[in-house]
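Peer 1: with the sequence up front, the predicted model follows.
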Amino acid sequence: DAKTTQPNSMESNEEEPVHLPCNHSTISGTDYIHWYRQLPSQGPEYVIHGLTSNVNNRMASLAIAEDRKSSTLILHRATLRDAAVYYCILRFNSGGYNKLIFGAGTRLAVHP
Amino acid sequence: DAEITQSPRHKITETGRQVTLACHQTWNHNNMFWYRQDLGHGLRLIHYSYGVQDTNKGEVSDGYSVSRSNTEDLPLTLESAASSQTSVYFCASSESRGFSMNTEAFFGQGTRLTVV
């Protein structure tokens, strides 16, 4: 199963951009790259996902390297509410089933 | 609005008792998942289901069982609760398009279970 590697923690100041990196060197051609975040005392929530091309939505942008071995979640202007654990996940197909396997994630602290 | 709900939100039980945690979603999603979250381990997959009458074991399935009798519900049962099963449990669901991975998952708010 392909795995992801993320820094344990990162810090940012409010209203500054944040770039959260993720390495997935063993990714296969059919694995989607998903990002979720977990606010304190809540369940994870979906942020964004992509396959090959960069993606944008109202929450964030996802930049995927050309070789797909790494990706970066971009929060354009961090707010205090963005303080959370961010998970980079490869959603893969195993035996006809697709799974969502979480790693340790990156804990993002946002300072006023 | 469609949603996914877990109940109870908090439960304390005694070692050896059978406990069932409920998960109900109103999206009509085929895929449903149960995770547990412990400090130092992140979220670990317990069981998952891709439709009615389908259940599969995840990474940490020992001591847990699930059943899927309809699309909306995936109850998680601890057959004989142990202190090691003290954790926060999350249920999730996602749409299935021929097992496509191009879908997002929705998570419940979690159930905090304490086994004493």
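Peer 2: Good, I have the coordinates.

Peer 1: any idea how far B:Thr20 is from the residue in chain B that chain A sits nearest to?
Peer 2: Closest approach of chain B to chain A (CB to the nearest CB) occurs at B:Phe107, with a separation of 3.4 Å. The way it works is simple: take the backbone N, C-alpha and C, and place the C-beta from them, glycine included. Distance of B:Phe107 to B:Thr20, computed by CB to CB, to the nearest Å: 19 Å.

Peer 1: which residues in chain B form strands?
Peer 2: Assigned by DSSP state E, chain B shows strands spanning B:4-7, B:10-13, B:19-25, B:31-38, B:42-51, B:54-57, B:64-66, B:76-78, B:87-94, B:105-107, B:111-115.

Peer 1: residues of chain A that sit close to chain B?
Peer 2: Neighbours of chain B within chain A, by CB under 8 Å from any CB of the partner chain: A:30-32, A:34, A:36, A:42-46, A:49, A:51, A:87, A:91-93, A:96-105.

Peer 1: now a PyMOL select for only the buried ones of the residues you listed.
Peer 2: Restricted to buried positions by 16 or more other CB atoms under 10 Å in any protein chain shown, the PyMOL selection for the residues of chain A next to chain B reads:
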select buried, chain A and resi 31+32+34+36+43+44+46+49+87+91+92+98+99+100+101+102+103+104+105
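
Peer 1: can you flag which of the residues of chain A next to chain B belong to helices?
Peer 2: Residues of these located in helices (DSSP state H): none.

Peer 1: which strand in chain A has the most residues?
Peer 2: Using DSSP E, we find that the single longest strand of chain A is strand A:84-94.

Peer 1: packing partners for that strand?
Peer 2: Applying 3 or more CB pairs under 8 Å, 6 or more residues apart in numbering or on different chains; DSSP states H and E, one finds that strand A:84-94 makes contact with strand A:18-23, strand A:32-38, strand A:70-75, strand A:97-100, strand A:106-111.

Peer 1: can you list contacts of the second one?
Peer 2: Right, strand A:32-38. A:20, A:22, A:24, A:27, A:44-51, A:60, A:62, A:64, A:68, A:71, A:73, A:82, A:84-92, A:100, A:102, A:105, B:101-102, B:104-105 (CB atoms under 8 Å, 6 or more residues apart in numbering or on different chains).

Peer 1: can I get the strands of chain B in CSV including mean pLDDT and mean neighbour count?
Peer 2: What follows is the strands of chain B, written out as CSV (pLDDT from 0 to 100; neighbours: other CB atoms under 10 Å in any protein chain shown):
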stretch, mean pLDDT, mean neighbour count
strand B:4-7, 96, 17
strand B:10-13, 97, 13
strand B:19-25, 98, 19
strand B:31-38, 93, 23
strand B:42-51, 90, 21
strand B:54-57, 92, 15
strand B:64-66, 98, 19
strand B:76-78, 98, 19
strand B:87-94, 95, 24
strand B:105-107, 90, 22
strand B:111-115, 97, 18
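
Peer 1: relative to A:Thr4, which of the ones you listed is closest?
Peer 2: Of all the strands of chain B, it is strand B:42-51 that lies closest to A:Thr4, at 11.5 Å by CB to CB.

Peer 1: in contact with the residue in chain A positioned nearest to chain B, which residues?
Peer 2: Distances between chain A and chain B by CB to the nearest CB are smallest at A:Gly43, namely 3.4 Å. Neighbouring residues of A:Gly43 by CB under 8 Å, 6+ apart: B:90, B:92, B:107-110.
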